[in-house]
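Trainee: output the structure for:
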Amino acid sequence: MRREYFRPIPQSRTGRWRLAGGWTHFDRFERLCRDAPPRIVDDAPEDVIAALTAPRASLMGLAMDRPRIMGIVNATPDSFSDGGRYDPVSHALALARAGADILDIGGESTRPGALEIPASDEIARIMPAIRAASAVAPVSVDTRKAAVAGPALEAGAGMVNDVSGLDFDAALAPLVADRGAALCLMHAQGLPQTMQDDPRYGDVLLDIYDALAERIARAEAAGIPRARILVDPGIGFGKTEAHNIAILRRISLYHGLGCPILLGVSRKRFIGTIGGAARAEDRGPGTLALTMMALEQGVQLHRVHDVADHVQALRLWAAINDEEGAGA
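Mentor: Residues are numbered from 1 along each chain as shown. Coordinates of the predicted model:
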């Protein structure tokens, strides 16, 4: 039997349905199959519409009916963009003052080619920033290891952002379930050391959809309710430039998984390649352009380095679209 996927075609303020209980509406679908060309259709199965329209649950006290900004705090000496350039505690507090809704604190680089570090080193790097930041904003710990997530959750983190999507550490899902924490499941093909060597897909958009659906099922089987799960298609993690563009063009498909979507494109290499910015720190404008595009497709959470720029942009977007308070 042919498997069909239905991507909602977003439109800003009109349409039969409201997408994920948020700010975007739709009334048509792009029907996708692996063995047939895409088709625009006017209806979809009831369970598909239910998944696409159900309001998303709040996460860490933050309503998902408006776009949210996640500020990146790299407590690492070797991250691709800003490793070792700031004190993580001071930077976390500065991003909170700039308007970040959530702070994502990580101590192990997952850039292409990065090697695994001991959990003890990772814990030592992140703990001061988590303790300080959790007093002023919700905190996510960016780790794939239960041995790191446990102390981080005890120190004040409320979410685990797992770039492996539960593929790295079998102990992580039971830990998250036991602690009642939120979980972001990201898609990655391979490990950071090798993920960009030669990534291949049959259909990148649909392969990632199925992989995320399987990871959600695994998380639910471990006792983590869907209401505490986010999904991230993993831009740049085992993807070529063409893969990244294909995902971004149709990212609204992933609302069908019934979870909020997190997008992490900030300062990534393909932005510099297309936009002509060799240095990571010069890729802010391209990042902002992709963020605003994804916002129009209903993406709820945006993981960025340049928090102040994104907060300003969302305030202008909110004012123009009469979305009072969005991004504030």
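Trainee: phi first, then psi, for Pro225.
Mentor: Dihedral pair for Pro225: phi -70, psi 150, per degrees, to the nearest 10.
Trainee: host element of Tyr262?
Mentor: One correction, residue 262 is Leu, not Tyr. Taking DSSP states H and E as the criterion, Leu262 maps to strand 262-263.
Trainee: which strand runs longest in the chain?
Mentor: Ordering each strand of the chain by length in residues (DSSP state E) puts strand 25-33 first.
Trainee: can I get the CA coordinates of that strand in CSV?
Mentor: Presented in CSV, the C-alpha positions along strand 25-33 are these (Å, rounded to 0.1, in the frame of the first residue of the first chain):
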residue,chain,number,x,y,z
HIS,A,25,-3.3,28.9,8.8
PHE,A,26,-3.7,26.6,5.9
ASP,A,27,-6.5,25.1,3.7
ARG,A,28,-4.6,23.0,1.2
PHE,A,29,-2.0,20.2,1.3
GLU,A,30,0.9,19.0,-0.8
ARG,A,31,0.5,15.2,-1.0
LEU,A,32,3.9,13.5,-1.1
CYS,A,33,4.7,9.9,-2.0
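Trainee: picking up where we left off before, what helices and strands are in contact with whichever helix or strand comes after the strand holding Leu262?
Mentor: Tracing the chain past strand 262-263, the next element assigned as helix or strand by DSSP H and E is helix 269-275. Packing contacts for helix 269-275, counted by 3 or more CB pairs under 8 Å, 6 or more residues apart in numbering; DSSP states H and E, involve helix 241-249, helix 284-296. (C-beta placed from N, C-alpha, C; glycine too.)
Trainee: and the ones you listed: which comes nearest Ser58?
Mentor: For these, the distance to Ser58 is smallest for helix 284-296, at 18.8 Å, taking CB to CB.
Trainee: next, the angle from the closest one to helix 241-249.
Mentor: 40 degrees (axes from the mean of the first three to the mean of the last three CA atoms, to 10 degrees).
Trainee: which residues does the following helix or strand past helix 284-296 contact?
Mentor: Scanning forward in sequence from helix 284-296 by DSSP H and E, the next helix or strand is strand 301-304. Contact with strand 301-304 is made by 64, 67-72, 102, 104, 230, 260-264, 266, 287, 291, 294-295, 310, as judged by CB atoms under 8 Å, 6 or more residues apart in numbering.
Trainee: rerun that using 6 Å as the cut-off
Mentor: Strand 301-304 has contacts (CB atoms under 6 Å, 6 or more residues apart in numbering) with Arg68, Ile69, Met70, Leu262, Leu263, Gly264, Ser266, Thr291, His310.
Trainee: could you pull up the mean pLDDT of that strand?
Mentor: In this model, strand 301-304 carries a mean pLDDT of 98.
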